[in-house]
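S.K.: One predicted model, sequence on top.
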Protein chains: 2
Amino acid sequence: MGKGIYVQELPGIGKRYDVDLGSNTQRISIVVRRDGARDLYVFAAGADDPVAVIEMSEEQARKVGALLTGTYFSD
Amino acid sequence: MGKGIYVQELPGIGKRYDVDLGSNTQRISIVVRRDGARDLYVFAAGADDPVAVIEMSEEQARKVGALLTGTYFSD
């Protein structure tokens, strides 16, 4: 499971997870803050500045996460 | 759980989930394809074209999903 995920401590903030998406040209980083909030950063290949930053509350992140893991079911 | 998530059938492709992130200025859509692949679309407020599209295999989507739901643990 941990393969392709690189963790970095952000002192006072939380943890940063960089996800290797393989051959794709984009990178994703997720910052999990101590208060549960999560920031999703999307980077284009070779760029240092993210093309998109999505700030999510813990509840919102759970919804999106459930959709991605396939554990979301409507009805 | 389903609150703030809008599902749309994409005939022959799969399902599209639009996630309402509340007061944030960005929208997220996730397309779950029949083969398990997932596309993550990020939209800026008022824009029809996504600012970022991330194509993930089922395995990659599970990793990112686990990070977002808080079920990812290293070690």
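M.R.: That came through fine. Numbering: from 1, shown residues only, chains lettered A, B, ... in the order given.
S.K.: Correct me if wrong, but residue A:7 is in a helix.
M.R.: No - Residue A:7 is assigned strand when assessed by DSSP: H, G, I helix; E, B strand; the rest coil, not a helix.
S.K.: For it, which residues count as its bridge partners?
M.R.: Beta bridges link residue A:7 to residue A:17 when assigned by DSSP bridges.
S.K.: Hmm, residue A:15 and it touching each other?
M.R.: Yes - counting by Cβ atoms under 8 Å, residue A:15 is a contact partner of residue A:7 at 5.9 Å. Every residue, glycine included, has its C-beta placed from N, CA and C.
S.K.: State the distance from residue A:35 to residue B:44.
M.R.: According to Cβ to Cβ, to the nearest Å, residue A:35 and residue B:44 sit 25 Å apart.
S.K.: So for those two, which sits in the more crowded spot?
M.R.: Higher neighbour count among residue A:35 and residue B:44: residue B:44, with 14 against 10, using other Cβ atoms under 10 Å in any protein chain shown.
S.K.: Nearest residue to the more buried one in space, please, no chain neighbours.
M.R.: residue B:51 (5.2 Å; Cβ to Cβ, 6 or more residues apart in numbering or on different chains).
S.K.: Residue A:10 too?
M.R.: Here the residue nearest residue A:10, using Cβ to Cβ, 6+ apart, is residue A:16, at 5.4 Å.
S.K.: For that neighbour, the count of nearby residues, please.
M.R.: Residue A:16 sits with 16 neighbouring residues when counted by other Cβ under 10 Å.
S.K.: what's the pLDDT at it?
M.R.: For residue A:16, the pLDDT comes out at 96.
S.K.: low-scoring stretches of chain A, by residue?
M.R.: Along chain A, segments meeting pLDDT under 70 span A:1-2, A:23-24, A:73-75.
S.K.: where exactly do the helices run in chain A?
M.R.: Listed in chain order, the helices of chain A (DSSP state H) span A:58-69.
S.K.: From the centroid of it, which residue is nearest?
M.R.: Geometric centre of chain A, nearest residue: residue A:30, 2.7 Å, by Cα atoms, centre = their mean.
S.K.: Just list whatever residues bridge to that residue.
M.R.: Note on residue A:30: beta-bridge partners by DSSP bridges are residue A:17, residue A:40.
S.K.: Name all residues that make contact with residue A:57.
M.R.: A:36, A:37, B:22 (Cβ atoms under 8 Å, 6 or more residues apart in numbering or on different chains).
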